[in-house]
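> Build the 3D model from these lines:
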Amino acid sequence: MRDADSLKHAQKIRKDLSEPEMRMWLQLRAARFRGVKFRRQNVVGKLIVDFASNHPKLAIEIDGDTHAGRESYDAQRSQSLEEQGYRVIRFANSDVMSNMEGVLQQLGLVIDEMAPPPPTPSPEGEGALSSHLP
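Numbers count the residues shown, from 1 in each chain. So this is what the prediction gives:
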């Protein structure tokens with residue numbers, strides 16, 4: 001598929017998210033992960049990824065029952081995304097539907113590992129600045 005075709009196809013399937021994808025999207029859209037912004041059905045190269053962030057470069061795939069027996073296909077997709085600098089994390093539909101808190105916890109750990117929070121100023125540093133004010 002060419003890039004323009006991929007974009008058009010992504011726009012179409014954005015309207016038809018599966019129930020697990022919609023549940024995940026509601027969580028990602030709520031910005032629970034320190035402001036990391038995700039796009040749904042995002043085109044990365046020639047692939048359409050369920051959810052992707054550019055900062056950090058993270059791709060989230062929600063794999064349904066149709067992926068059983070397609071492990072080599074998923075591995076090729078993951079390899080292509082990794083070659084483009086993305087880290088890929090996959091969740092099964094059943095995990096998203098029955099263990100959303102566990103999924104979000106795992107996702108949070110990956111994001112923390114990829115983009116640690118900025119350092120917080122120490123109280124001494126703040127006091128030192130204020131002591132020089134007139």
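> what ranges do the strands span in this protein?
Under the criterion DSSP state E, the chain carries strands at the ranges 39-44, 47-54, 57-63, 87-92.
> can those go into a markdown table with extra columns for distance to residue 107, mean pLDDT and mean neighbour count?
In short, each C-beta sits where N, CA and C put it, glycine included. Below are the strands of the chain laid out as a markdown table (distance: least, Cβ to Cβ, whole Å; pLDDT from 0 to 100; neighbours: other Cβ atoms under 10 Å):
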| stretch | distance to residue 107 | mean pLDDT | mean neighbour count |
| --- | --- | --- | --- |
| strand 39-44 | 15 | 89 | 19 |
| strand 47-54 | 10 | 92 | 21 |
| strand 57-63 | 7 | 93 | 21 |
| strand 87-92 | 7 | 94 | 18 |
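> For residue 76, find the nearest of these.
The closest of the strands of the chain to residue 76 is strand 47-54. By Cβ to Cβ, the value is 9.8 Å.
> Please identify the pairing partners of that closest one and their relative orientation?
strand 39-44 (antiparallel), strand 57-63 (antiparallel) (DSSP bridges).
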